[in-house]
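1. Provided below for reference: sequence and predicted model.
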Amino acid sequence: MSHDEGRFSSYVRANCLGGVRVNPLTAINLKPTSPPHIITLVLCSATGALSMNVFLPSMPGMARHFGVDYGLMQLTVSLFLAATAVLQLFVGPISDRIGRRPVLIACFLIFLAATAAATQSGSFEFLLAMRVLQAFSAAGMVLSRAIVRDLVEPNRAASMIGYVTMGMALAPMIGPVLGGLLEQQFGWQSTFVLTFVFGLVAFAFVLFDLGETNRNRMASFSAQFRAYPELLASRRFWGYATTAGFTSGQFFAFLGGGPFVASDILHLSPSEYGLYFGIISVGYIIGNYMSGRFSERFGINAMMLGGAIIAVIGMLISLILFSSGVFHPLSLFGPVIMTGIGNGITLPNASAGVVSVRPHLAGSASGLGSALQIGLGSALSVAAGAMLSVESGPFPLIWVMLATSVAGVATALYVIMVERKLTRQ
């Protein structure tokens with residue numbers, strides 16, 4: 001084990017794996033030349049998650065404020081996701097070439113400027129433009145996975161990613177709750193102020209704790225992109241990437257349709273929606289903990305499949321409840337906790353698989369895999385929002401989430417089949 005891996009792994013064991021219990025803020029000796037501590041990777045990842053989720057309870061009110069219908073306001077989610085997908089195609093390769101640290105610093109600066117400007121939005125078009133620029137926060141999610149893979153081997157990477165995303169899940173759990181309360185008290189702009197402050201704290205940790213971990217940089221950008229066919233030719237890469245895409249697609253569909261179902265069908269206030277939304281994040285944290293605890297023991301493929309099956313069961317329960325006439329918030333948000341658990345188990349393992357197929361292309365693989373994941377999620381977010389109406393009830397959202405969870409099981413089984421074939425050869 002290298003010194004870098006030892007430092008990172010020791011910190012994780014001490015703080016997450018039942019070792020010596022220490023306060024992660026007081027125990028950290030911040031050094032911008034050493035591998036980052038887990039708190040830094042959590043904050044990097046959580047910034048993107050918070051910027052995606054915190055204003056969701058405000059969307060109906062924002063639509064009224066700017067005089068647009070809800071379907072148009074939903075573009076603030078889908079365009080954010082689409083921009084995230086495009087940016088991730090470049091963030092990974094650039095970080096493979098020039099390093100993780102400079103790319104993260106540049107992306108955070110753009111994100112902070114856009115978030116500050118969004119609070120002053122005088123038109124819907126300007127708000128959309130700032131939301132697109134806020135997508136640069138996704139670099140934290142992409143490069144955190146690549147950084148973990150820089151330091152540890154695949155099964156341990158799945159465990160580490162599980163712990164990172166477990167901490168990251170606190171942002172979307174707490175964010176909508178705070179966002180709903182802030183929106184009712186101070187208006188929708190306050191949610192962007194909260195995002196800016198959080199991003200500023202994360203940026204400080206990047207500056208003072210995140211040393212460069214990419215020790216095997218590509219010779220040139222052209223060499224980097226010439227290496228893409230090697231990645232795209234891997235059936236395992238496609239299996240892991242599509243599993244991650246369908247799994248996260250359930251959540252993005254929920255982002256697109258959940259606020260409408262909550263406000264117009266279940267008649268929840270923004271703050272009530274924020275509280276109920278926390279249920280899925282609780283499930284996600286549980287799933288992430290299970291990934292961190294069991295991925296090394298059972299392997300990434302078995303964990304990935306198990307999580308996908310749990311998500312299917314959750315959506316089947318929701319469909320049965322609504323079909324039986326039980327129109328209660330818990331008919332949606334109760335079973336969705338199983339979707340959260342399933343995603344929390346599947347995504348860290350699928351992500352570890354993506355960046356482990358070709359370790360020397362970890363940044364590119366993370367970026368391309370995330371682009372496919374977010375791109376599919378963006379499409380599902382638009383689809384879920386477009387198909388919903390008061391007359392349709394919640395059923396279009398439930399069917400979209402159920403279909404994508406079933407597809408996640410199918411792609412996980414495909415990965416296992418490919419792996420067995422390669423093992424026999």
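-> Structure received.

2. give me every residue that touches residue 114.
-> 130-131, 133-134, 136 (Cβ atoms under 8 Å, 6 or more residues apart in numbering). (Glycine included, C-beta is placed from N, CA and C.)

3. quick one: which of those is nearest residue 94?
-> Using Cβ to Cβ, residue 136 is the member of those that lies nearest residue 94, at 12.2 Å.

4. from residue 90, how far off is that closest one?
-> According to Cβ to Cβ, to the nearest Å, residue 136 and residue 90 sit 11 Å apart.

5. which one (most neighbours) among the contacts of residue 114?
-> residue 134 (28 neighbours; other Cβ atoms under 10 Å).

6. just the element for that one, please.
-> helix 124-134 (DSSP states H and E).

7. that helix: what's the following helix or strand?
-> Where DSSP H and E defines the elements, the next helix or strand beyond helix 124-134 is helix 138-151.

8. pull out the buried positions in that following helix.
-> Neighbour-count burial for helix 138-151 flags 138-151 (criterion: 16 or more other Cβ atoms under 10 Å).

9. over to the residue nearest to residue 419 when sequence neighbours are not counted. Which of the three states is it?
-> Of all residues not flanking residue 419 in the chain, residue 301 sits nearest, at 6.2 Å (Cβ to Cβ, 6 or more residues apart in numbering). Per DSSP: H, G, I helix; E, B strand; the rest coil, the secondary structure class of residue 301 is helix.

10. tell me which residue is most central in this structure.
-> Centroid check for the chain by Cα atoms, centre = their mean gives residue 49 as the closest residue, at 5.9 Å.

11. against which helices or strands is the host helix or strand of that one packed?
-> Using DSSP H and E, residue 49 maps to helix 38-53. Using 3 or more Cβ pairs under 8 Å, 6 or more residues apart in numbering; DSSP states H and E, the elements in contact with helix 38-53 are helix 3-16, helix 75-98, helix 100-118, helix 138-151, helix 154-168, helix 170-186, helix 189-209.

12. of those helices, which is nearest residue 373?
-> helix 75-98 (7.9 Å).

13. put the alpha carbons of that closest one into PDB.
-> Written as PDB, here are the backbone C-alpha positions of helix 75-98 (Å, rounded to 0.1, in the frame of the first residue of the first chain):
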ATOM      1  CA  LEU A  75     -36.200  23.300 -17.200                       C
ATOM      2  CA  THR A  76     -34.200  24.700 -14.200                       C
ATOM      3  CA  VAL A  77     -33.800  21.000 -13.300                       C
ATOM      4  CA  SER A  78     -33.500  19.400 -16.700                       C
ATOM      5  CA  LEU A  79     -31.100  22.000 -18.200                       C
ATOM      6  CA  PHE A  80     -29.000  21.800 -15.100                       C
ATOM      7  CA  LEU A  81     -28.800  18.000 -15.600                       C
ATOM      8  CA  ALA A  82     -28.100  18.300 -19.400                       C
ATOM      9  CA  ALA A  83     -25.300  20.900 -18.800                       C
ATOM     10  CA  THR A  84     -23.900  18.600 -16.100                       C
ATOM     11  CA  ALA A  85     -23.800  15.700 -18.600                       C
ATOM     12  CA  VAL A  86     -22.000  17.700 -21.200                       C
ATOM     13  CA  LEU A  87     -19.500  19.200 -18.800                       C
ATOM     14  CA  GLN A  88     -18.600  15.800 -17.400                       C
ATOM     15  CA  LEU A  89     -17.400  14.700 -20.900                       C
ATOM     16  CA  PHE A  90     -14.600  17.200 -20.500                       C
ATOM     17  CA  VAL A  91     -14.000  17.500 -16.800                       C
ATOM     18  CA  GLY A  92     -12.700  13.900 -16.500                       C
ATOM     19  CA  PRO A  93     -10.300  14.000 -19.500                       C
ATOM     20  CA  ILE A  94      -9.000  17.400 -18.500                       C
ATOM     21  CA  SER A  95      -8.300  16.200 -15.000                       C
ATOM     22  CA  ASP A  96      -6.500  13.200 -16.400                       C
ATOM     23  CA  ARG A  97      -4.300  15.600 -18.300                       C
ATOM     24  CA  ILE A  98      -3.600  18.500 -15.900                       C
END
